[in-house]
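Engineer: Pasting the sequence and the predicted coordinates here, then a few questions.
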Amino acid sequence: MKAAVVRAFGEPLVIEDRPDPEPGPGQVRVKVEASGLCHTDIHAARGEWPVKPTPPFVPGHEGVGTVERLGEGVTHLTLGQRVAVPWLGKACGRCEHCLSGWETLCEQQINTGYGCDGGYAEKMLAWADFAQPVPDGIDPRDAAPLTCAGVTTYKALKVAGVRPAQLVAISGVGGLGHLAVQYAKIAGATVAAIDVTDEKLELATELGADLVIDARKEDVSKVLKSHGGAHAAIALAVNEAAFSAAYGGLRRGGKLVMVALPAHGTVQVPIFDTVLDGTSVIGSIVGTRQDLTEVYQLHAAGRTRVIRESRSLESVNASIDDVLGGRVKARIVFEM
Ligand code: NAD
Ligand code: ZN
Ligand code: ZN
């Protein structure tokens with residue numbers, strides 16, 4: 001089977017021919033149909049975060065396909081069933097976090113495409129308990145971006161506690177942001193979308209944003225404040241300055257939800273303003289299996305649109321360049 005492999009940080013991925021992986025106990029082998037390119041995969045391939053994967057590895061945590069082999073003890077999945085293999089490849093199921101509905105914080109977790117091989121391949125392994133069944137009627141090419149970009153932004157809005165009549169700022173209308181705009185609208189909010197390219201701002205409007213802010217030309221904090229300030233700002237742009245700008249646009253009691261993970265990122269938070277304004281700064285990491293179930297339900301009900309562009313796995317390096325160059329409308333999906 002073919003796989004795109006990171007052999008060394010910062011070097012182009014290499015397409016390799018590898019033997020089909022054999023599922024161990026509790027695992028399944030998935031024949032991948034579609035696999036999304038998340039910006040996280042780029043951080044992984046460049047070794048940009050403090051905790052690094054170990055090359056060689058296969059990135060990708062938006063792999064969707066059909067189960068083609070069952071490992072020992074797997075009884076709840078069937079051959080041919082469509083599943084997705086998300087970032088949360090496995091969690092312990094026993095710790096405080098797992099038991100309190102926060103499996104995404106489990107310290108024993110293994111992350112797909114980071115701690116084990118991921119979805120940039122024709123075949124991949126998954127732990128059966130974390131392989132997410134994809135409902136019939138959802139196109140696998142839609143399911144792929146929903147598996148990270150969807151669940152992550154859906155969860156971020158839950159964490160922010162967004163309610164109708166609130167102003168929500170979505171900073172960065174990329175793979176994650178184009179879905180965030182839609183979930184914020186579903187939650188009943190007024191949405192301000194922020195980006196730095198005309199295409200992304202147009203897309204945000206098309207997807208329901210009430211107001212768009214061009215961070216190249218406008219002072220994001222000022223514009224948000226002129227609308228009363230955001231109740232919540234979801235930071236999805238891979239840019240530190242964008243975090244500060246979103247923070248500066250909060251109203252009193254507002255929440256900044258940090259989601260993007262720029263390399264070596266830090267943000268200076270003014271203590272005085274944070275205290276006096278009762279501001280919250282919260283981190284949010286992907287979502288649980290239940291969150292993903294809800295994301296698929298919304299999509300199956302026709303309430304979200306996935307904006308995607310299909311490519312072949314061979315185009316992986318050019319595709320990464322296109323994401324970094326801002327030339328992708330929302331999400332690239334590799335079709336196997
Ligand atoms: P993307 O490249 O598709 O989107 C980023 C968007 O930000 C682009 O539209 C870009 O034009 C825009 N942007 C750049 N500079 C900006 C600025 N100054 N102001 C406003 N917008 C700006 O990336 P993505 O796949 O959506 O991922 C975004 C980030 O989220 C990455 O760092 C990724 O690693 C991270 N991520 C985090 C989680 C999590 O669970 N916390 C999950 C998935 C991805
Ligand atoms: Zn991701
Ligand atoms: Zn755990």
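Structural biologist: All right, it came through fine. Note that the coordinates shown come from a computational prediction; the quantities given were computed from them, not determined experimentally. Ligands and ions are numbered 1, 2, ... in the order given.

Engineer: Tell me if I'm right that residue 320 and residue 37 touch.
Structural biologist: Yes. Residue 320 is within contact range of residue 37, at 7.2 Å (criterion: Cβ atoms under 8 Å). Quick note: C-beta positions are derived from backbone N, CA and C, even for glycine.

Engineer: Tell me which of these two has more neighbours.
Structural biologist: Neighbour count, other Cβ atoms under 10 Å: between residue 320 and residue 37, residue 37 has more, with 29 against 20.

Engineer: Can you tell me how far that one is from ligand 2?
Structural biologist: To ligand 2, residue 37 is 9 Å away according to Cβ to the ion, to the nearest Å.

Engineer: What about the closest residue to that residue other than its chain neighbours, how many residues nearby?
Structural biologist: Leaving aside its sequence neighbours, residue 37 sits nearest to residue 332 (Cβ to Cβ, 6 or more residues apart in numbering; 4.2 Å). When counting by other Cβ under 10 Å, one arrives at 24 neighbours for residue 332.

Engineer: before we move on, which element is residue 332 in?
Structural biologist: strand 331-335 (DSSP states H and E).

Engineer: Contacts only, for residue 131.
Structural biologist: Neighbouring residues of residue 131 by Cβ atoms under 8 Å, 6 or more residues apart in numbering: 28, 30, 67, 77, 83, 84, 85.

Engineer: Roughly how far does it sit from ligand 2?
Structural biologist: Taking Cβ to the ion, one finds residue 131 at 17 Å from ligand 2.

Engineer: again, but for residue 169
Structural biologist: Distance from residue 169 to ligand 2, by Cβ to the ion: 21 Å.

Engineer: Quick one: check the one helix or strand that residue maps to for contact with ligand 1.
Structural biologist: Assigned by DSSP H and E, residue 169 falls within strand 167-171. Yes. Using Cβ under 6 Å from any ligand atom, strand 167-171 reaches ligand 1 at residue 171.

Engineer: which outside residues touch the helix or strand just after that strand?
Structural biologist: Sequence-wise, the next helix or strand downstream of strand 167-171 (DSSP H and E) is helix 177-186. Applying Cβ under 8 Å, 6+ apart, the external contacts of helix 177-186 come out as 145-146, 149-150, 153-154, 156-157, 162, 168, 170-171, 173, 191, 193, 195, 200, 203-204, 207-209, 234, 236-237, 298, 303-307, 330-331.

Engineer: isn't residue 210 right next to residue 192, touching?
Structural biologist: Yes. At 7.0 Å, residue 210 counts as touching residue 192 under the criterion of Cβ under 8 Å.

Engineer: who has more neighbours, these two?
Structural biologist: residue 192 (26 against 17).
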